[in-house]
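Sharing a sequence plus its predicted fold:
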Amino acid sequence: MAEHAQTYKNHRAVFPLFHYFVLPVMFLNLIVVARRLYYVPTRGNIWALILAFGLIALALSARLMALTVQDRVIRLEMRQRLATCLPPELRPRINDLTRGQLVALRFAGDAELADLVRDVLAGKLATTKDIKLRVKDWQPDWLRA
């Protein structure tokens, strides 16, 4: 668990190994290989450039796959949570919420979920940022990919 409180301003997850090592090394490798190809245009260096792009694509797609799985879990968790927290008249509309809306709503405390969901479904909160900024009782989520 983190030592400080999570808020809208600091809720974005940074995975240091990925963000501060893997991506910089991959992009630096791309620059080095492109420079080598510029000065020594050989088939081997062309292949090295293709491989450098492939490694960047691999790193980014692995990150995207992890985030997609995380969003699916959050969607399932939030649908279950909303089924117990929302008043009966709002429960049939749970499936009207988009994945992004459910992901943003996860930070809200149970007491404020009904009002937020009403505003989201009424179109008063258009973006995930709008939803997160309206959360008063921020529930931290430290277990993120």
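Everything's here; your move.

Determine how far the lowest-mean-pLDDT helix or strand in the chain lies from the middle of the whole chain.
The weakest-scoring helix or strand in the chain, judged by mean pLDDT, DSSP states H and E, is helix 16 (a mean of 91). With C-alpha atoms, centre = their mean, to the nearest Å as the basis, helix 16 stands 15 Å off its chain's centre.

what about Asp137, distance to Tyr39?
59 Å (C-beta to C-beta, to the nearest Å). Glycine gets a C-beta too; all of them are placed from N, C-alpha and C.

For the two, indicate the residue with more neighbours.
Taking other C-beta atoms under 10 Å, Asp137 and Tyr39 do not tie; Asp137 has more neighbours (11 against 7).

What residue, apart from its backbone neighbours, is nearest the more buried one spatially?
Spatially, and ignoring its direct neighbours in sequence, Asp137 is nearest to Gly109 (3.2 Å; C-beta to C-beta, 6 or more residues apart in numbering).

State the next helix or strand along the chain beyond the longest helix along the chain.
Longest helix in the chain, counting residues (DSSP state H): helix 43-85. Using DSSP states H and E, the helix or strand that follows helix 43-85 towards the C-terminus is helix 99-105.

can you give me the mean pLDDT across that next one?
The pLDDT scores in helix 99-105 average 96.

Report the buried residues of the next helix or strand after it.
As assigned by DSSP H and E, the chain's next helix or strand after helix 99-105 is helix 110-121. For helix 110-121, the neighbour count (16 or more other C-beta atoms under 10 Å) marks Glu112, Leu113, Ala114, Leu116, Val117, Arg118, Val120 as buried.

so can I have CSV of these showing pLDDT and distance to Gly54?
CSV is the format used below for the buried residues of helix 110-121 (pLDDT from 0 to 100; distance: C-beta to C-beta, whole Å):
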residue, pLDDT, distance to Gly54
Glu112, 96, 46
Leu113, 96, 43
Ala114, 97, 48
Leu116, 97, 43
Val117, 97, 43
Arg118, 97, 47
Val120, 97, 40
